[in-house]
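In: I need the structure of the sequence given here:
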Amino acid sequence: MGETVRVLVADDHPLMRAGICATLTAEPDMMLVGKAADGDEAQRLCQECNPDVLLLDLKMPGPSAFETVAFLREHCPQVKVVMLTAYDDDTYVHGLVAAGVAGYVLKDEIEEAVVRAIRTVMQGDTWFSRTVVDKLARPATTEVPLPEQPALTEREVEVLKFVARGYTNIQIAESLSITERTVRFHLRNVCDKIGVCSRVEAAVWAGQQGLDQGEQNDPMP
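Out: Coordinates of the predicted model:
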């Protein structure tokens with residue numbers, strides 16, 4: 001291949017982390033630039049080490065995977081995120097894809113898939129495990145009860161549309177010419193009204209309502 005790919009591994013399980021690192025160091029076109037054991041460390045090392053790809057465990061202490069993806073879109077937009085997880089729950093899959101991850105690798109196939117996933121995303125494509133692809137091919141589901149007609153204001157709908165399309169709070173604020181604090185206020189109201197507890201669930205709900213489709217000539221961040 002061409003230039004060496006700089007990879008940061010974030011996983012809180014020492015044996016899993018060591019195994020992934022061993023796999024990467026055996027590849028001549030890949031360089032391990034750091035290892036993180038929680039979300040805070042993953043965010044910090046992404047800023048310090050400037051990786052091309054972050055291999056991010058879904059379940060770690062500290063900030064959630066969704067929060068880390070949002071952080072990187074604001075502070076390290078050049079980093080491509082590939083999720084590493086044993087979970088293929090619909091909510092996580094649809095929510096993180098909406099957030100902009102470049103890949104989603106299930107841990108039972110890491111040894112054979114992780115290197116391929118890294119090379120694929122570095123070529124500008126996405127890479128998802130077969131199970132994940134099957135889930136993306138059908139509508140998202142969630143265990144959260146959904147109100148039939150939540151009374152969202154026009155502004156709340158606008159904010160929710162941007163969330164569903166993977167915009168960060170800062171990008172939403174710039175697009176709507178409002179403050180980031182106002183965006184957070186509207187998003188809290190949206191979550192309360194539609195009966196969900198997280199940004200991921202809000203994005204999934206919006207996708208079910210068809211709100212995740214970008215407007216014509218509306219550039220993604």
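In: Could you measure from Leu187 over to Glu3?
Out: Using C-beta to C-beta, to the nearest Å, one gets 39 Å for the distance from Leu187 to Glu3. Glycine gets a C-beta too; all of them are placed from N, C-alpha and C.
In: So which of these two has more stuff around it?
Out: Applying other C-beta atoms under 10 Å to Leu187 and Glu3 shows that Leu187 carries more neighbours, namely 19 against 9.
In: which helices and strands does the helix or strand hosting Val157 pack with?
Out: For Val157, the element it lies in under DSSP states H and E is helix 154-164. Packing partners of helix 154-164 (3 or more C-beta pairs under 8 Å, 6 or more residues apart in numbering; DSSP states H and E): helix 169-176, helix 180-194, helix 199-208.
In: Kindly recompute the last result at 10 Å.
Out: helix 90-99, helix 169-176, helix 180-194, helix 199-208 (3 or more C-beta pairs under 10 Å, 6 or more residues apart in numbering; DSSP states H and E).
In: Serialize the ones you listed to a markdown table and add fields for mean pLDDT.
Out: What follows is the helices and strands packed on helix 154-164, written out as a markdown table (pLDDT from 0 to 100):
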| stretch | mean pLDDT |
| --- | --- |
| helix 90-99 | 74 |
| helix 169-176 | 90 |
| helix 180-194 | 88 |
| helix 199-208 | 77 |
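In: Out of these, flag the one nearest Thr120.
Out: helix 90-99 (15.1 Å; C-beta to C-beta).
In: so how far is the closest one from its chain's centroid?
Out: 7 Å (C-alpha atoms, centre = their mean, to the nearest Å).
In: That one vs helix 199-208, what angle?
Out: Helix 90-99 runs at 80 degrees relative to helix 199-208, counting by axes from the mean of the first three to the mean of the last three C-alpha atoms, to 10 degrees.
In: elements contacting helix 90-99?
Out: By 3+ C-beta pairs under 10 Å, 6+ apart, helix 90-99 packs against helix 65-75, strand 80-85, strand 103-106, helix 130-136, helix 154-164, helix 199-208.
In: Quick one: those as CSV, columns for distance to Thr23 and mean neighbour count too.
Out: Shown next, in CSV, are these (distance: least, C-beta to C-beta, whole Å; neighbours: other C-beta atoms under 10 Å):
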stretch, distance to Thr23, mean neighbour count
helix 65-75, 21, 20
strand 80-85, 11, 24
strand 103-106, 12, 23
helix 130-136, 20, 15
helix 154-164, 35, 20
helix 199-208, 29, 23
